[in-house]
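Student: I'll drop the sequence and a predicted model, then ask my questions.
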Amino acid sequence: RKEVEQDPGPFNVPEGATVAFNCTYSNSASQSFFWYRQDCRKEPKLLMSVYSSGNEDGRFTAQLNRASQYISLLIRDSKLSDSATYLCVVNMVSGAGSYQLTFGKGTKLSVIP
Amino acid sequence: DTGVSQNPRHKITKRGQNVTFRCDPISEHNRLYWYRQTLGQGPEFLTYFQNEAQLEKSRLLSDRFSAERPKGSFSTLEIQRTEQGDSAMYLCASSSQRLGQVPNEQFFGPGTRLTVL
């Protein structure tokens, strides 16, 4: 099982649609979870942290299910500007025993007019 | 601009040459990270510093790679005897974090895109 696994997509959705991304992670001891957004040929930018109780920021809602080891991101009322790659990020124990952020490969979203 | 900055933004070099990249983190951040990202992949951890101390290096970081953060502020990443497989985006990130604390948010610079011919 890959450490952080995401559906690569692409997800092609019309403007105004609701779209959901899921991400699974392999380390049950992981404690920090994030969603980053990355535009083509740009750096990743923090979209939101993911808390155990779930959290919402405008049109974006993140959920964490520790028992099943998955994280979700829901985008409501999609805008053209939401088109990007969404990276699921989880802290994992590295080879040296410290916790480091591990990134999934990303899910590509294209919002179509 | 108080974000993370990286220079150069693009570097084209011939195989076998040495290259050096610079990263200036957010000023109050004590942690600095280097990542490598290739097409279709997420960023992969290379190494990180807590102030001036390099605390961990990934096994991805071969002997040809060296990183420094001499005064606990900016950092440099040097690749010696570059190979075509080194072509990638090299990303720097910074965060504010104490030892033993679980990783918190990291903020990325725009990256240096390396092309080795």
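Tutor: Perfect, I can see it now.

Student: what about the strands in chain A?
Tutor: For chain A, the strands defined by DSSP state E cover A:4-6, A:11-14, A:19-25, A:33-38, A:44-49, A:55-57, A:60-65, A:70-75, A:84-93, A:99-103, A:107-112.

Student: check which helix or strand covers B:Leu39.
Tutor: In this structure, B:Leu39 sits in neither a helix nor a strand according to DSSP states H and E.

Student: measure it to B:Glu105 for me?
Tutor: Using Cβ to Cβ, to the nearest Å, B:Leu39 is found at 25 Å from B:Glu105. For glycine as for every other residue, the C-beta is placed from the backbone atoms N, C-alpha and C.

Student: Which of the two has more residues huddled nearby?
Tutor: Neighbour count, other Cβ atoms under 10 Å in any protein chain shown: between B:Leu39 and B:Glu105, B:Glu105 has more, with 16 against 8.

Student: quick revisit: looking at the strands of chain A, which is closest to chain B?
Tutor: Chain B lies closest to strand A:99-103 among the strands of chain A, at 3.1 Å (Cβ to the nearest Cβ).

Student: Quick check: buried residues in that closest one?
Tutor: By neighbour count on 16 or more other Cβ atoms under 10 Å in any protein chain shown, the buried set for strand A:99-103 is A:99-103.

Student: These also near chain B: which ones?
Tutor: A:99-103 (Cβ under 8 Å from any Cβ of the partner chain).

Student: Go through those and say which is closest to B:His29.
Tutor: Closest to B:His29 out of these is A:Leu101 (14.6 Å), distances taken as Cβ to Cβ.

Student: Isn't that closest one up against A:Leu87?
Tutor: No: assessed by Cβ atoms under 8 Å, A:Leu101 is found out of contact with A:Leu87, at 10.1 Å.

Student: now B:Val19: how far from B:Asn7?
Tutor: 12 Å.

Student: and if you look at A:Thr24?
Tutor: From A:Thr24 across to B:Asn7, the span is 37 Å (Cβ to Cβ).

Student: quick one: low-confidence ranges for the chain?
Tutor: Looking at chain A here, since you left the chain open. Along chain A, segments meeting pLDDT under 70 span A:1-2, A:95-97.

Student: You answered for a different chain; I wanted chain B.
Tutor: In chain B (pLDDT under 70), the answer is B:1, B:102.

Student: Please name the bridge partners of the residue most central in space within it.
Tutor: Centroid-nearest residue in chain B, with Cα atoms, centre = their mean: B:Trp34, separated by 2.7 Å. Residues in a beta bridge with B:Trp34, per DSSP bridges, are B:Thr47, B:Cys92.

Student: how close does it sit to B:Thr20?
Tutor: Going from B:Trp34 to B:Thr20 by Cβ to Cβ gives 12 Å.

Student: can you list residues touching both of the two?
Tutor: B:Leu77 (Cβ atoms under 8 Å, 6 or more residues apart in numbering or on different chains).
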